[in-house]
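*Asks:* below: sequence and its predicted model.
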Amino acid sequence: MMHLFGVENRDTLTHNATGVSLFSLLYKLSILSITLLTALYLSIMRIKLLGTMIKNETRE
């Protein structure tokens, strides 16, 4: 049984313990957010690098 702030999470219809806490859901969402932000950052850096490479080629 998982607890959040000392309160057991229960299904609203069956009142059975869900085994999932709000903390574990938020943790998974934060990991997903960090992964997506990292991928976005790397994509932006690749675009900047390509732009720099194209500018250097046109100067030569």
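*Replies:* Arrived safely, thanks for sending.
*Asks:* could you list the low-pLDDT ranges of the chain?
*Replies:* For the chain, applying pLDDT under 70 flags the ranges 1-21, 60.
*Asks:* helices of that one, start to end?
*Replies:* Remark: helices assigned in the chain by DSSP state H are 22-59.
*Asks:* count of residues packed around F23?
*Replies:* 13 (other Cβ atoms under 10 Å). Bear in mind the C-beta positions are built from the backbone N, C-alpha and C, glycine included.
*Asks:* let me fix that: T52
*Replies:* Neighbours around T52, by other Cβ under 10 Å: 10.
*Asks:* distance check, it against L42.
*Replies:* The gap separating T52 from L42 is 16 Å, by Cβ to Cβ, to the nearest Å.
*Asks:* K55 too?
*Replies:* Taken as Cβ to Cβ, the span from K55 to L42 is 21 Å.
*Asks:* now do E57
*Replies:* E57 is 23 Å from L42, by Cβ to Cβ.
*Asks:* please apply the same query to F23.
*Replies:* Taken as Cβ to Cβ, the span from F23 to L42 is 29 Å.
*Asks:* also I31?
*Replies:* In terms of Cβ to Cβ, I31 sits 17 Å off from L42.
*Asks:* what's in contact with stretch 51-60?
*Replies:* Stretch 51-60 is contacted from outside by no residue at all, using Cβ atoms under 8 Å, 6 or more residues apart in numbering.
*Asks:* alpha carbons only: can I get that stretch in PDB?
*Replies:* Extracted C-alpha coordinates of stretch 51-60, given in PDB (Å, rounded to 0.1, in the frame of the first residue of the first chain):
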ATOM      1  CA  GLY A  51      23.300  27.300 -39.200                       C
ATOM      2  CA  THR A  52      26.900  28.000 -38.200                       C
ATOM      3  CA  MET A  53      28.200  25.400 -40.600                       C
ATOM      4  CA  ILE A  54      26.200  26.800 -43.500                       C
ATOM      5  CA  LYS A  55      27.400  30.400 -42.700                       C
ATOM      6  CA  ASN A  56      31.000  29.200 -42.600                       C
ATOM      7  CA  GLU A  57      30.600  27.500 -46.000                       C
ATOM      8  CA  THR A  58      29.200  30.600 -47.600                       C
ATOM      9  CA  ARG A  59      32.100  32.700 -46.400                       C
ATOM     10  CA  GLU A  60      34.700  30.500 -48.000                       C
END
